[in-house]
Every structure is written in structure tokens, then in C-alpha cells.
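A.B. asks: Output the structure for:
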Amino acid sequence: MTAKSPLTNTNCTSCHARPPSGTSFPNVAGRHGEHNALSGVTGVCATCHTIAPSATDNTHYNHANARPGKNALRVSPGEAVVHAAYDARSGAASFNATALTCSNVSCHGGQTTPNWQTGTLDVNTQCTNCHVRGTSAGTPQYNSPYSGEHDRSNHVSAGCTACHNTTKLADPAVGKHFLNLGTPALETRASVTIGGTGTQIPEGSYTPGATVGTGSCDPSCHGRENW
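C.D. replies: Sure, this is the predicted structure:
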């Protein structure tokens, strides 16, 4: 514990650093650091979690496996309840304490996440770990590219970064890729990330449209076409 019993000190920092930063239970860092760096999350546990130990609900606290007696048989980690704001269209967000993965989280496109402690995710190359592509891919998610010509076989085979510029995605003034993740709505049009260095679309050659089918681009792989 970092402070005192959560039965009397009912907040996260009774047992965990803010965010958890260590290597042993109950202060295991996992991927808290990466998530804590996101806008709107920093230092606020309740951005993602709704569970807290209390006198009436000890579900989370009951996994404190360092206590004597029968409670020593309990194993980590404790249950973690993901805030309903992150529910995907495919269902309620949840954490699997055995596999250490989350599922149905909107900002991960409803897909099962990498392992919380050992998994990695390269946001510059592993786009489909969060964005489900194509109109035949199943349940539409909040962040999935179901618009325009995403489902064309040549676009699917080319990969996301043939059109979308990861430098722009990472720029909070342009792409806003990881801003305002507390809501399922897209915070900016994906079209602002199209073109430029590393893509097949010359900077400035993409013209967004007001509706699907009215935008157009002039990439190196084919002539100008409506999107």
C-alpha cells in the first residue's frame, strides 16, 4: 500500500501511485503511463475507471493478496471497471483479469487490446488494431472507416498510411488522434491527415467533400477520382 487501508482511505492512492508505476502488486505500472499521457486522462483515475473500494463494495480490494489468512489465496489483479463513456458499439467495455486485456473499448475500435502488462501497439503502423476496415468487417465502430472507398481491394491492400499521414495524426494541432478520447465522437475530420510525406498523395492534392462521394484526390497510384 502507498498510504493506508482502502477500507478507510477510499481512493486509488491508498494502494496505487497515480498512476500505478511499479513492478509489483498492487502498484503495477502496466500501460498506465501511455494512457496517462493522453489529454483528459492525466492524473485522473476516474477518466477510465468507475470502480473504487468502499465499505459496501470490496470487490476490487478483495484481490489484495498480501493479507493473512484465507485472503492470502486471492490473486491479482483486481477487477477493473471501464467507464461506460468508452463502451463500443459492439457492447459494454470490460477487462479480462485472466488474459489482462480489454474488449469493447471504443477508442480501440471494439477490438481486444494487447496484454495490459506485456503488450505493445505501434500506432504508426498497426492501424487495424483499433480501426476495423471495410463495410463487411462486422459491427461498425465509432472510429472505423466505413465511408467512401475504404472497402476497395486496392485501398485495403495499400494500407492506411498510403493515404493517411502519421505525422499529421500525431500533431495535436492537426490530427488530434489522441485528444478527447472520453467521447466516442471523432474530434476532427480524418481528411485533414491525408497526404504529404510518406504517403502516395501529394500534399494539397486531396479535396474533401461535404458528403461521401464528393471529395477527390490525385494520388500517385491513379488519376484523380472521387472518394
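
A.B. asks: from here on, contacts and neighbour counts on C-alpha atoms
C.D. replies: Noted.

A.B. asks: can you give me the helices in this protein?
C.D. replies: Along the chain, the segments classed as helices by DSSP state H run 32-36, 153-158, 166-170.

A.B. asks: quick one, which of those helices is packed in tightest?
C.D. replies: Highest mean neighbour count of the helices of the chain: helix 166-170, a mean of 18 (counted as mean count of other CA atoms under 10 Å).

A.B. asks: Can you list the helices and strands that that helix packs against?
C.D. replies: Helix 166-170 sits against no helix or strand, with contacts defined as 3 or more CA pairs under 8 Å, 6 or more residues apart in numbering; DSSP states H and E.

A.B. asks: Which among the helices of the chain is found nearest to Arg224?
C.D. replies: Among these, the nearest to Arg224 by CA to CA is helix 153-158 (14.5 Å).

A.B. asks: Could you export that closest one as CSV, CA atoms only?
C.D. replies: The C-alpha atoms that make up helix 153-158 are tabulated as CSV, following Å, rounded to 0.1, in the frame of the first residue of the first chain:
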residue,chain,number,x,y,z
SER,A,153,-9.5,-4.1,-52.5
ASN,A,154,-6.6,-1.9,-53.9
HIS,A,155,-7.1,0.5,-51.0
VAL,A,156,-7.2,-2.2,-48.4
SER,A,157,-4.0,-3.8,-49.8
ALA,A,158,-2.2,-0.5,-49.9
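
A.B. asks: roughly how far is it from the heart of the chain?
C.D. replies: Taking CA atoms, centre = their mean, to the nearest Å, the mean C-alpha location of helix 153-158 is offset from the chain mean by 24 Å.

A.B. asks: Adjust the sequence numbering to begin at 13 for everything that follows.
C.D. replies: Sounds good: first residue 13 from here, last item helix 165-170.

A.B. asks: re the thing from before, out of the helices of the chain, flag the one nearest Cys60.
C.D. replies: The closest of the helices of the chain to Cys60 is helix 44-48. By CA to CA, the value is 9.3 Å.

A.B. asks: And the contacts of that closest one?
C.D. replies: Residues outside helix 44-48 that contact it (CA atoms under 8 Å, 6 or more residues apart in numbering) are 31-33, 53-55.

A.B. asks: which of the residues you listed sit farthest apart?
C.D. replies: By the measure CA to CA, Ser33 and Val53 form the most distant pair in the contacts of helix 44-48, at 15.4 Å.

A.B. asks: rewinding a little: I'd like the helices of the chain laid out as a markdown table, including distance to Ala111 and mean pLDDT.
C.D. replies: Conversion of the helices of the chain to a markdown table gives the following (distance: least, CA to CA, whole Å; pLDDT from 0 to 100):
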| stretch | distance to Ala111 | mean pLDDT |
| --- | --- | --- |
| helix 44-48 | 17 | 89 |
| helix 165-170 | 30 | 86 |
| helix 178-182 | 29 | 86 |
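
A.B. asks: Before I go, just wanted to say thanks for your time.
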